[in-house]
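sharing a model that was predicted from the sequence below.
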Amino acid sequence: MNAFNRLVMIVIALLLIAVPVVILLVCFGVLSAEMIDAYTNYRSALEALGNLSLSDITPSVRVVIAIVGLLVALIALLLLLRELTFGRRVARSTVMEDTPGKETVITASAVKALAEGAAREAGAESLSASLTSRDGSYLVSGNIRVPPSGNYTELATSTRENIRRVLEEQGVPIEDVEVTVQGTAS
C-alpha cells in the first residue's frame, strides 16, 4: 500500500468514525451544539442545504455534479482494487545474495525472461509466463504451444525441467514450476 492510498484511507476512516461519534455526543448532551458549530460551522452548511431546491440547479451544474461524483466513485474503486489481492502477490524483485559488497537482486521481469528463454530452448513455440511469490521464492506458471508434430506430454515435462534447471543455475529461488499445454502452434 503506497502513501497516497494510506492517506486517503486514514481520512475516510477518521470521517467514518469521528462524525457519528460527535453526533452521538451532541445527542446525549456531552457536547453542546454551539461548541461544535463554533469549530465546524456546520449550521450554515445545513441552512444552505435546506434552502437548496432542484429548480435552483441549472443543467450545466447538474452535469458538473454528475462528473465529479463519477470521478470520486472511480477513484474510490481504483484505490479499493489496488488494495485487494487476488491470489498471491508477485514480488517485484528478490534478493539473491545479501552479503555486504556482493548484494544481488533479480527483478520479476528478469525471471520471466529467463523462463521464456528456457521454454524456447526446450522446444516450446511460445511461453506465456506468470509469476507469484511466497517467502522470496517464485512460483512460475506458464502456458506453452507445442509444434504440430510434437509430443504434448514430453514437451511439457522437458519445458518444466528446463525452466527449473535454468532458474536454479542462475540462483533464482524457485518454489515450483507449472507448465500447461495450450494447444498447437499455428
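The structure has been received and is ready for your questions.

kindly state the domain boundaries assigned to this protein.
As given by automatic domain parsing, the domain ranges for the chain are 3-83, 93-184.

wait, a strand at residue 145?
Yes. According to DSSP: H, G, I helix; E, B strand; the rest coil, residue 145 belongs to a strand.

would you list every one of the strands in this protein?
93-97, 104-107, 126-134, 137-146, 174-184 (DSSP state E).

among those, show me which one is buried the most.
Of these, the one with the most neighbours on average (mean count of other C-beta atoms under 10 Å) is strand 137-146, at a mean of 20. C-beta here means a position set from N, CA and C on the backbone, and glycine is covered the same way.

returning to that earlier point: as JSON lines, the domains of the chain with mean pLDDT would be great.
Formatted as JSON lines, the domains of the chain follow (pLDDT from 0 to 100):
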{"stretch": "domain 3-83", "mean pLDDT": "83"}
{"stretch": "domain 93-184", "mean pLDDT": "82"}
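
which of the ones you listed sits most buried?
domain 93-184 (a mean of 16).

mind putting the strands of the chain into TSV with distance to residue 157?
Formatted as TSV, the strands of the chain follow (distance: least, C-beta to C-beta, whole Å):
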stretch	distance to residue 157
strand 93-97	26
strand 104-107	26
strand 126-134	14
strand 137-146	11
strand 174-184	8
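
quick one: closest of these to residue 156.
strand 174-184 (4.9 Å; C-beta to C-beta).

follow-up on the earlier one: quick one: which of the strands of the chain is nearest residue 30?
Closest among the strands of the chain, once you apply C-beta to C-beta, is strand 126-134, at 49.5 Å.

chain center to that closest one, what's the gap?
Distance, stretch centre to chain centre, for strand 126-134: 17 Å (C-alpha atoms, centre = their mean, to the nearest Å).

cool, and stretch 7-17?
20 Å.

one step back: nearest to residue 20, out of the strands of the chain?
strand 126-134 (39.7 Å).

ok, the closest one: who's next to it in the sheet?
Strand 126-134 has these partner strands in its sheet, going by DSSP bridges: strand 137-146 (antiparallel).

for the partner strand, list the C-alpha coordinates in CSV.
Output of strand 137-146 as CSV, limited to C-alpha atoms (Å, rounded to 0.1, in the frame of the first residue of the first chain):
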residue,chain,number,x,y,z
SER,A,137,10.8,-17.7,-3.9
TYR,A,138,8.9,-17.8,-7.1
LEU,A,139,6.1,-20.0,-8.4
VAL,A,140,6.4,-19.9,-12.2
SER,A,141,3.2,-20.8,-14.1
GLY,A,142,3.4,-21.0,-17.9
ASN,A,143,1.3,-21.8,-20.9
ILE,A,144,3.0,-23.2,-23.9
ARG,A,145,2.1,-24.0,-27.5
VAL,A,146,3.5,-27.3,-29.0
